[in-house]
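In: Structure of the sequence below:
(chains A and B)
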Amino acid sequence: MVMELARPRPIWQIMFSTHHTDVGLLYLITSLAFMFMGGALALSIRAELFFPGAQIIGDAMTFNRIFTVHGTTLIFLFILPFASAVGNYFVPIMVRYKDMAYPKLNAIAFWMIPPAGALIWLGFADFTWYATPPYSVISAPGPAADMWIFGLKILGVSSILGAINFIVTILKCKHPDMPISRVPLLAWSFLSSSLIVLVALPTFAAALLMLLTDRLGASGFFNPAVGGDPIAYAHLFWFTFHPEVYVLVIPAIGMMYEIIPRFSRKPIFSASSGIAAFVLLSIVGFASWAHHMYATGMSFTEKTVFMVGTLAAVPASAMHVFNFLATMWGGRIRFSTPMLWAIGGIALFFSAGAGGVVNSAMPLDFVTHDSYWVVGHFHLFVMGTILFGSVGYLYYMFPYVTGRMYNERMGNIHFVLSFVGTVMVFFTQHVLGLFGMPRRVYDYPPIPEWIAMNQIASVGAMIIGVSMVIFLANMLHSTARGRPADLDDPWGLGAKYYYPYERKNPQH
Amino acid sequence: MSGHSNMPEWVYIGVVVALLCWVGAEAWNVERIVEHIPEDAELIKVTGQQWFWTFEHEDGTKRIGEMRVEAGKAYRLEITSKDVIHSFNIHDYVVLLDAVPGRVNTVWFAPMEAGEHDIQCREYCGLIHYNMRGKLIVEEAA
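Out: Residues are numbered from 1 along each chain as shown, chains lettered A, B, ... in the order given. Coordinates of the predicted model:
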């Protein structure tokens, strides 16, 4: 089970393997590489905005391309593949099956990611991760825009193949002795997020094709000059991508469900309420997409419907937070690195959710919409919740993947710096939004409050940057030279708290 | 399942749901009032294009990048765009509505005091989006 380092294999054996841990490893390395690339773009954005006026990025077009590729990369090339990495490693083990249901399909789904990433990075489009029409149809320069569309198309197919594989593995290949209610919550999180992908993603796939034919001049779906309607694209896009937000966040919550009970040395407070919350979220998540569109001129009735749909999704998330806290309550908690990241993730998840309620309230949305508030809000989800859960889980699976232990002190420093940095960047950006600064701007007028808050945010971003360098050093050094881990109990929690699935699974 | 009571969770969910109902009801009520356009509101046609705003009053006066209004009067803004989607925003008066080509969106506001406020574009619209700014000049009532 322990990875290749103990028994080295040539790289091509891993690359052309269809075994779930090999594909998982490929997903893991690819996603982390893209995380560092996307993060570097974020640092250049923050450096540019440190002072008003043009600083390090020469022109607005380059800046626009950078934030577009930053968002696209971190959502599609880091968060999604990272979740797939964890799912590939652990879902077959948790449901006690020898591999994913369709191993070749699994490898194909992975190998679609590098060419898609190459298209996105070589093109470097400028029309935001939302590809806003009619700008993307009539104004965005090609071939970057077309390469982005093809890249996303490939990633969409890859996501759908991966989702089918997870669903079949969990529902059809789980051990006959294991009822679905006993499937661990991490596997449940993959089941719910995969079902969302399957229902939501085809809509965006269609919208992308329509966008492409619009760009080619063969159609005019979203181009008002020939009778189309750009708001139709907004509906199609958000019908996919509001549920997709839950696709991103649900696996991270599942990862926290693995970490928190083990390091609290207590069973999960209520596994059934966790499952109920996953299922509830994956259904209710489809009733809220147009809350992204209050400002497009929707009627009062439409806005009311989508506000109610959005608020209805909140209790499901709140149930997870309760479950985490109740699990920790009275436990003998060990604050090892994975647990620190999970707890930090819960705190930021709660803050992000509270901010989301503010956005969903119609009159308040007109204060926050398309301002830096929104940037701060969704980064508290994607960074504060998803990256924190994912990085915590990476430390958690590190001994399992490498057979070695990471450096605990560097892990703690990584956490503290990242947490402080995240609060500095994204809490500040909420306030900056209330002061009216629009998002996606290359430059801003020298308003004293805006300058001060941009500088706090930029300093926070640099702190995160430093923490990520420590993280990279820790990962590389510990992978090669770390001390061998006690695989029965790497954190000294008492052996029964760690990896109970592996021992029950005769295939591994 | 694990021998403990689930009562605290139900109480907690009850409190969360009650809070959300309150937020929703309050938001619904405020928005209903805010969206009611006064009958005597004066019309200004606002047009966004890459990368400036044009303001056309009922009497035919047309200004670029500068909207002149009188304190104490209500104004109805009909917002549209000539090319791509923009978003018309006077942050100080919480006026925010997208300028969508092919559509006319309506919003209203009533400045109370004389002064100058910033107008900006809040939706990404291309190269000079960051500098698609204007001025709202509120004059004393004549």
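
In: my guess is residue A:103 meets residue A:19, correct?
Out: Yes - counting by CB atoms under 8 Å, a contact exists between residue A:103 and residue A:19, whose distance comes to 6.9 Å. Placement of C-beta: from N, CA and C, glycine included.

In: my guess is residue A:226 contacts residue A:220, does it?
Out: Yes - the pair residue A:226 and residue A:220 passes the contact test of CB under 8 Å, sitting 3.3 Å apart.

In: Mind checking which of those two has more residues around it?
Out: Comparing residue A:226 with residue A:220 by neighbour count (other CB atoms under 10 Å in any protein chain shown), the higher total belongs to residue A:220, at 17 against 13.

In: and residue B:36, how many neighbours?
Out: Using other CB under 10 Å, residue B:36 has 10 neighbouring residues.

In: mind checking the backbone torsions on it?
Out: The phi and psi torsions at residue B:36 (degrees, to the nearest 10) take the values phi -80, psi 110.

In: What of residue A:75?
Out: Here residue A:75 shows phi and psi, under degrees, to the nearest 10, equal to phi -80, psi -50.

In: Once you drop chain neighbours, what's closest to it?
Out: Excluding the flanking residues, the one nearest residue A:75 by CB to CB, 6 or more residues apart in numbering or on different chains is residue A:129, at 6.6 Å.

In: Look up phi and psi at the one you found.
Out: The phi and psi values for residue A:129, taken as degrees, to the nearest 10, are phi -70, psi -10.

In: That one: what's it in contact with?
Out: Residues counted as contacts of residue A:129 (CB atoms under 8 Å, 6 or more residues apart in numbering or on different chains) are A:68, A:71-72, A:75.

In: Would you pull up the residue in the stretch 1-150 of chain A closest to chain B?
Out: Nearest residue of the stretch 1-150 of chain A to chain B: residue A:135, at 4.1 Å (CB to the nearest CB).

In: What residues does that residue make contact with?
Out: Counted by CB under 8 Å, 6+ apart, residue A:135 has contacts A:127, B:84-85, B:124-126.

In: who wins for neighbours among the contacts of residue A:129?
Out: residue A:68 (27 neighbours).

In: ok, now how distant is the closest residue to residue A:377 other than its chain neighbours from chain B?
Out: In this structure, residue A:377 finds its nearest non-sequential neighbour in residue A:355, 4.5 Å apart by CB to CB, 6+ apart. Here the criterion is CB to the nearest CB, to the nearest Å. By it, residue A:355 lies 13 Å from chain B.

In: Wait, residue A:355 touches residue A:375, no?
Out: No - with contact defined as CB under 8 Å, residue A:355 and residue A:375 do not form a contacting pair (11.2 Å).

In: Can you name the residues that contact residue 107?
Out: You didn't say which chain, so I picked chain A. Residue A:107 makes contact with A:16-18, A:23 under the criterion CB under 8 Å, 6+ apart.

In: Chain B is the one I meant
Out: B:76-77, B:79, B:88, B:95-97.

In: Am I right that it is in a strand?
Out: Yes - when DSSP: H, G, I helix; E, B strand; the rest coil is applied, residue B:107 is found to be in a strand.

In: Apart from its neighbours in sequence, what residue is nearest it?
Out: Residue nearest to residue B:107 in three dimensions, not counting chain neighbours: residue B:97, with 4.6 Å by CB to CB, 6+ apart.

In: and for the helix or strand where the one you found lies, what are the contacting residues?
Out: Using DSSP states H and E, residue B:97 maps to strand B:95-99. Here strand B:95-99 makes contact (CB under 8 Å, 6+ apart) with A:295-297, A:366-367, A:369-370, B:46-48, B:77, B:79-81, B:85-90, B:105-107, B:109, B:122-123.

In: pLDDT score for the residue nearest to residue A:377?
Out: Residue A:355 is assigned a predicted lDDT (pLDDT) of 93.

In: Run a quick neighbour tally on it.
Out: Around residue A:355 there are 22 other residues, counting by other CB under 10 Å.

In: Ok, residue B:22 next?
Out: Taking other CB under 10 Å as the criterion, the count of residues near residue B:22 is 10.

In: Would you mind getting the angle between whichever helix or strand it is part of and strand B:105-109?
Out: Taking DSSP H and E as the criterion, residue B:22 maps to helix B:7-34. Orientation of helix B:7-34 against strand B:105-109 (axes from the mean of the first three to the mean of the last three CA atoms, to 10 degrees) gives an angle of 90 degrees.

In: close to chain A, is helix B:7-34?
Out: Yes - under the criterion of CB under 8 Å from any CB of the partner chain, helix B:7-34 makes contact with chain A via B:8-9, B:12-13, B:16-17, B:20, B:23-24, B:26-28, B:30-32, B:34.

In: what's in contact with the next helix or strand after that helix?
Out: If you walk from helix B:7-34 toward the C-terminus, the next helix or strand you reach (DSSP H and E) is strand B:42-49. Counting by CB under 8 Å, 6+ apart, the neighbours of strand B:42-49 from elsewhere in the structure are B:53-58, B:67, B:69, B:73-83, B:86, B:88, B:99, B:121, B:125, B:132.

In: let's see it at 7 Å
Out: Strand B:42-49 has contacts (CB atoms under 7 Å, 6 or more residues apart in numbering or on different chains) with B:53-58, B:67, B:73, B:75-83, B:86, B:88, B:99, B:121.

In: buried sites along stretch A:426-440?
Out: Residues of stretch A:426-440 classed as buried under the neighbour-count rule (16 or more other CB atoms under 10 Å in any protein chain shown) are A:426-434, A:436-440.

In: Many thanks, have a good one.
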